[in-house]
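Undergrad: Let me see the structure of the following:
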Amino acid sequence: MSEQRVQLYVYDLTKGLAAQLSPLFLGKQIEGVWHTGVVVYGTEYFFGGLGIEYTSPGTLPMLGSPDKKVDLGSTSIPEDVFMDYLYDISSQYFPETYHLLEHNCNHFSNEVAQFLTGNKIPSYISDPAQGSHGNSIWCTVTGFNANARTIWWYFCFSSPDINL
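TA: Here you go, the predicted model:
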């Protein structure tokens, strides 16, 4: 079997608003809030509202064309083996397992990329909490998830350099 190119399609869910407004609301610059899909065998695979989903590359409804295309390398894994792999991991990627920070489309893309190529997706996508802007975002979203908005908002924005 011939080598297949593997790409990561990266979409900014905020369509540029995160880059524009993050300094005002977070006190730090962030480039975007990312959704990703892995493109291989002429198809884009992603973790969405129905679990593992697929579409023609770059045709995700409401997201339009990808903001970035990252070359992840190539794979010699046959398509049928890849489809078996997706079936095997599908129990880990269904709507009820989704978590905004801990189990999302980017975690799926990272796992699939490593299976296909041995390479991870860029860390600014897979682990934004480790970036210079991550603590404030992590605090804000975790605060919402825990239904403790007031405490988390105060904690996060009064202590922007904390290490969680």
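
Undergrad: Which residue ranges of the protein form helices?
TA: Taking DSSP state H as the criterion, the chain contains helices spanning 17-26, 79-89, 105-117, 123-126, 134-145, 149-158.

Undergrad: where are the low-confidence patches of the protein?
TA: Low-confidence segments of the chain, defined by pLDDT under 70, span residues 1, 128-164.

Undergrad: tell me the centre residue of it?
TA: residue 106 (2.4 Å; Cα atoms, centre = their mean).

Undergrad: can you pull the contacts of residue 126?
TA: Neighbouring residues of residue 126 by Cβ atoms under 8 Å, 6 or more residues apart in numbering: 106, 107, 109, 110, 120. (Each C-beta comes from the backbone N, C-alpha and C, glycine too.)

Undergrad: Let's see the PyMOL selection covering just the buried ones among the residues you listed.
TA: Buried residues among the contacts of residue 126 (16 or more other Cβ atoms under 10 Å), as a PyMOL selection:
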select buried, resi 106+107+109+110
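
Undergrad: Looking at the contacts of residue 126, which is nearest residue 42?
TA: residue 109 (17.1 Å; Cβ to Cβ).

Undergrad: quick one, what contacts that closest one?
TA: For residue 109, the contacting residues are 8, 36, 37, 38, 46, 47, 121, 125, 126, by Cβ under 8 Å, 6+ apart.

Undergrad: Find the nearest non-adjacent residue to it, please.
TA: Leaving aside its chain neighbours, residue 109 sits nearest to residue 36 (4.2 Å; criterion: Cβ to Cβ, 6 or more residues apart in numbering).

Undergrad: how many neighbours does the one you found have?
TA: Counted by other Cβ atoms under 10 Å, the residues lying close to residue 36 total 27.

Undergrad: Same question for stretch 58-74: list its buried residues.
TA: Under the neighbour-count criterion of 16+ other Cβ under 10 Å, stretch 58-74 has 60, 63, 66, 67, 68, 70, 72 buried.
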